[in-house]
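A.B. asks: Structure for this input, please:
(chains A, B and C)
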Amino acid sequence: MKVGTSHIWYVIGIVVLALLPVVIRSDYDIHIFVMVWIFSLLVIGFNLIFGYIGQLSLGHTAYFAIGCYTSALATLKWGVPFWVGLPFATVVSGFFGFVIGVIALRWRSHFFVIATICFWGIIHLIILNWVSLTNGPVGIGNIPIPSIGGMLFSTKVHFYYLTLIFVAGALWFTKKILSSPIGRAFNAVRENEPLAESVGVSAYRVATLAFVIATALAGMAGSFYAHYVTYISPEIDEFSIMISILVMVVLGGKGTIFGPVVGALIFTFLPEYLRFAKDLRLPIFGLILIMGIVFLPRGIITLPKLILSRWVDKR
Amino acid sequence: MKDAFFSAEALTVQFGGLTAVDHLSFEIQQGEIISLIGPNGAGKTTAFNVITGFIRLTEGAIRFLGQDLTGMKPFQIAQHGIVRTFQQTRVFPEVAVEECIRMGAHKIAEKGLMAILTNSSRYKQKEKEILERAEQILTFTGLKEKASVLAKNLSYGEQRLLEIAVALAAEPKLLLCDEPVCGMNPEESRSTMELIRALRKQGITILLVEHDMNVVMDISDRIVVLNYGKKIAEGSPGEVSENKKVIEAYLGGSLKCSI
Amino acid sequence: MEAGAWFRPCLPNLILIRAKGRAVFIILFQQIVNGLIIGGIYALIAAGLTTIFGLMNVVNFAHGEFYMLGGMVAFLITQTLWSNYFFALAASITIVMVIGFLVEKILIKRLRATGVDLLVTGALVTIGVSIFFQNTSLLIFGSIPKLIPSPFSTEPFKIGPILVGRMYLFAAAVTVAVILLAHYSIKKTKLGMAMRATFQDKDVASLVGVNIDRVYSFTFTLGAGLAATAGALLGPIFVIYPNAGERVVLKAFVIVIMGGMGNFLGAILGGFLLGVTESLTSAYISAEYKDLIGFVIVLLILVFRPSGLFGKTKRI
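C.D. replies: So this is what the prediction gives:
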């Protein structure tokens, strides 16, 4: 295996991120990083169906919620450990993604968008009203913290490393897929669907695959969230999370591998530093979304390249 | 009859009250170059669309290499070996030429999730094959110098070539070209036609839709003539050019290319 | 998002009648009437949305906000300028139409020029607009729900044994009038014909001299106006709050799919149908899951009849 410059960057990146908790003493900042990693799982998946295939899964938080509740209920009601709850939640979310994908991806575009919202609506109503299952608006608390052997993942630092490992894994998985024929098929479908079909790519199957991966990752993120925050309620299903996902992906750089993570980093930290303007947070997000799409359609991650190429041209 | 390389049987396509293709039947033998001609609106592109699964047949059947392809979706038909190009140029705009061709090789690629994730030897082998094949196609179509140019930045003629290149990557046994020289100058036309002849030498059977009569007469083994969705004549270029019905149809219609 | 409370009619659902059989019948009728009235309002909102989509290929996620603004502005006018509801109704519709016009001119038109995938970017931009309006409204009006004082007496109108609130009746009448007006203007006026031509084939329409930009502008403004009418009409009936648009737009999308995307008449019929279905679901099955029925219908339609219940098979 050739060791190229990109490999060196990866190693540096991993080392930096691994050492971060040692350098950062503030518990609160570590907490924000954990949220960044959880969001990263969400947006990496969302980016597959949105950035690569080009379909807008506007009800994506439904799968996050399914992951949360499935994992919480499995560990609380059946007594399974987190390490069983996590894959279980991932699979269940992926399964629902499969069902909705099969139904809605046949027609794609606007139908898909609306179908995903409708599914979200259904899930939201179920979470609110099926009280015997989900405790309704009260929510579920006391969700068990993961543990290995005797060691409890009780500190934020524990979760930092746990989620970081999974994010790295998700990135590796995504990179492998995207540089494979499957990734080429994703691009083909996005760039010119009839052309893709004419060379043997089934847009329907390819889109469904991307969607299943996206929803499974959302479920995984949900499981992590539930066992980290240890309390979930119907509020996790709110549309504002969907908006955050959109902003992160669109402005971070949809259709790139690391763009969404960059977006997650920026847009998880940004609101924290905008805390003084708490009430203005969402309208500002709205404005940012609009301006971002109009002026930076390829996302912030392309900004360095843009600046670089302008600078090179000027010479 | 059953063993014909390709046969279209009584293809009929109706939209609303309009019959675009009316009981069209013809056969293609392996290694032939056949042209489908007719005045504008005669139903040629609709016939293409139906053969490749982009439009549904109202009636009729399509048989290829002993298999019944009727009702199949485009990607399935492509996987069986029938690949097409489009009347209005279709490329992957934001993708480099070389990558476009690799994307076309989807059919032969290793798509198993496990193989990809574990970097199995089979996967590596297939990827190598695809790389080599893309190189071959680049050289063959003369696009080698433009290998890293984004498809949207190619000239019109180059994009047309790229279309054929991508179709080739899908290893067609039967290639359907929809107006391949449309909008090209005589020089480009000539070299494209040379390309198509070379393709036949490689064993690919070709079905063309074309308006340029010089090209058609020059390159075709047989010609099928359509008018108002019906086949009105079929035969060698010599036979067809003397056919009264064909002459009538063309005097009444126009000879312009569709773009 | 509290389930069910939003569109629960404030009318008595049970009528005291001596004969039991007749009672069931009358309750059913009452539910249907309720459903039709609410359905009419739904129809207004959905018709605008489907027209914007059908003509401009833009999924307008800010549509609910036009509805909300229609109500909010009307409320503001009755509180500050002149308490006459009818004036507020007309004024707020006009104002929201201007807002819609500006949104189209400043944002959507610009997107058209860049030629990006209009569907996705249009969706994202309108989502941004939606967020912006929602939260600005929250800042300006506060989160306490508002109720516009009704200009009618609270004594309900009696049609046989069925009771209908006067404001409801007025809303229904205006709804029908507005629908007829919109339908007429699309069919008969020059601009309406230009709209239909653009709907059929944009390129051909521009070739024969139709000013596409003006058609788009008009379409979007009209859609906003229809939504605002619905919002202002509901002002005295239900409470208005800044996030109201979110739930409304969901319903509107359900109806748009039911009626077939781009199908004006289908949206009208779908609106009535959904209104009645929800009303009956609420009464006979469960009030909380009333909203659910719409979502399930959409998914079923996608499986069996993607072109909508009434839509012709429009090529996607």
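A.B. asks: A:Ser240 - nearest residue in space that isn't next to it in sequence?
C.D. replies: A:Leu282 (6.6 Å; C-beta to C-beta, 6 or more residues apart in numbering or on different chains). All C-beta atoms are positioned from the backbone trio N, CA, C, and that covers glycine.
A.B. asks: And the one you found, which helix or strand is it part of?
C.D. replies: In the assignment (DSSP states H and E), A:Leu282 maps to helix A:281-295.
A.B. asks: Output that helix as PDB, restricted to C-alpha atoms.
C.D. replies: Output of helix A:281-295 as PDB, limited to C-alpha atoms (Å, rounded to 0.1, in the frame of the first residue of the first chain):
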ATOM      1  CA  ARG A 281     -30.200  31.300  16.500                       C
ATOM      2  CA  LEU A 282     -32.700  29.700  14.300                       C
ATOM      3  CA  PRO A 283     -33.500  32.800  12.100                       C
ATOM      4  CA  ILE A 284     -29.700  33.200  11.700                       C
ATOM      5  CA  PHE A 285     -29.500  29.500  10.700                       C
ATOM      6  CA  GLY A 286     -32.300  30.200   8.200                       C
ATOM      7  CA  LEU A 287     -30.400  33.100   6.700                       C
ATOM      8  CA  ILE A 288     -27.200  31.200   6.600                       C
ATOM      9  CA  LEU A 289     -28.900  28.400   4.800                       C
ATOM     10  CA  ILE A 290     -30.300  30.700   2.200                       C
ATOM     11  CA  MET A 291     -27.100  32.600   1.600                       C
ATOM     12  CA  GLY A 292     -25.100  29.400   1.700                       C
ATOM     13  CA  ILE A 293     -27.100  27.900  -1.100                       C
ATOM     14  CA  VAL A 294     -27.100  31.000  -3.200                       C
ATOM     15  CA  PHE A 295     -23.400  31.800  -2.800                       C
END
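A.B. asks: one step back: count of residues packed around the residue nearest to A:Ser240?
C.D. replies: Neighbour count for A:Leu282, taken as other C-beta atoms under 10 Å in any protein chain shown: 19.
A.B. asks: now swap in A:Gly139 and tell me
C.D. replies: Neighbour tally, A:Gly139, other C-beta under 10 Å: 16.
A.B. asks: got the contact list for it?
C.D. replies: Taking C-beta atoms under 8 Å, 6 or more residues apart in numbering or on different chains, we find A:Gly139 in contact with A:Tyr231, A:Ile232, A:Ser233, A:Pro234, A:Glu235.
A.B. asks: what's the farthest-apart pair in the residues you listed?
C.D. replies: A:Tyr231 and A:Pro234 (11.9 Å; C-beta to C-beta).
A.B. asks: what's the helix or strand bottoming out on mean pLDDT in chain B packed up against?
C.D. replies: Ranking every helix and strand in chain B by mean pLDDT, DSSP states H and E puts helix B:244-252 at the bottom, with a mean of 74. With contacts defined as 3 or more C-beta pairs under 8 Å, 6 or more residues apart in numbering or on different chains; DSSP states H and E, the packing partners of helix B:244-252 are strand B:222-227, strand B:230-235.
A.B. asks: Going by neighbour count, list what's buried in the helix or strand just after the last one.
C.D. replies: What it means is strand B:230-235. On the C-terminal side of strand B:230-235, the closest following helix or strand by DSSP H and E is helix B:237-242. Using 16 or more other C-beta atoms under 10 Å in any protein chain shown as the test for burial, helix B:237-242 gives B:Pro237, B:Val240.
A.B. asks: Now find how far off-centre helix B:237-242 is within its chain.
C.D. replies: On the basis of C-alpha atoms, centre = their mean, to the nearest Å, helix B:237-242 sits 23 Å off its chain's mean C-alpha point.
A.B. asks: now that helix: mean pLDDT?
C.D. replies: Computed over helix B:237-242, the mean pLDDT rounds to 84.
A.B. asks: helices or strands up against that helix?
C.D. replies: helix B:213-219, strand B:222-227, strand B:230-235.
A.B. asks: Lovely, talk soon.
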